[in-house]
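*Asks:* Pasting a predicted model and its sequence here:
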Amino acid sequence: MAEGHTITIEQGTRHVRVTHDGQVLAESDRPLVLRETGCPVRYYLPPEDVRLDLLTPSDTHTYCPFKGTASYWSRPGAADLVWAYPDPKPDVAEIKDHLCFYEADVS
């Protein structure tokens, strides 16, 4: 990691629910909670808890020097709404194939 840059990942116990246009896209009681310097807390959800049938793979890929290359999924009217790291860097290996949404309700 770069000087002063940290990423921590822990097993969360809070309930995470993701909706878009009234449709539930994901619901999980076992999110991974990722905290990264300078970024909002993100919840990475196991693929079994995500309605992948409601998402369409996108051609977008982004590169993070700390996490690796992300793949994205979209919904009608919501491009690149969800992302995952299919082959993350070793320091964040736990998030492999878990999906993260820009907006998630946590309770």
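*Replies:* Thanks, I have the structure now.

*Asks:* Please give the element, helix or strand, for the spatially closest residue to Glu103 that is not a sequence neighbour.
*Replies:* Setting aside the residues directly before and after it, Glu103 is nearest to Val18 in space (C-beta to C-beta, 6 or more residues apart in numbering), at 7.0 Å. Backbone N, C-alpha and C define where each C-beta goes, glycine included. Assigned by DSSP states H and E, Val18 falls within strand 16-20.

*Asks:* just checking, what packs against that strand?
*Replies:* When contacts are defined as 3 or more C-beta pairs under 8 Å, 6 or more residues apart in numbering; DSSP states H and E, strand 16-20 sits against strand 23-28, strand 42-45, strand 105-106.

*Asks:* now it and strand 23-28, what's the angle there?
*Replies:* Counting by axes from the mean of the first three to the mean of the last three C-alpha atoms, to 10 degrees, strand 16-20 points 170 degrees away from the direction of strand 23-28.

*Asks:* Low-confidence ranges, the protein, go.
*Replies:* Within the chain, the stretches with pLDDT under 70 are 1-2.

*Asks:* all helices for it, in order.
*Replies:* For the chain, no helices turn up when DSSP state H is the criterion.

*Asks:* Ramachandran angles for Gly22?
*Replies:* Dihedral pair for Gly22: phi 80, psi 0, per degrees, to the nearest 10.

*Asks:* ok, it - how many residues close by?
*Replies:* The number of residues packed near Gly22 is 5, by other C-beta atoms under 10 Å.

*Asks:* ditto for Val24
*Replies:* Counted with other C-beta under 10 Å, residues neighbouring Val24 total 11.
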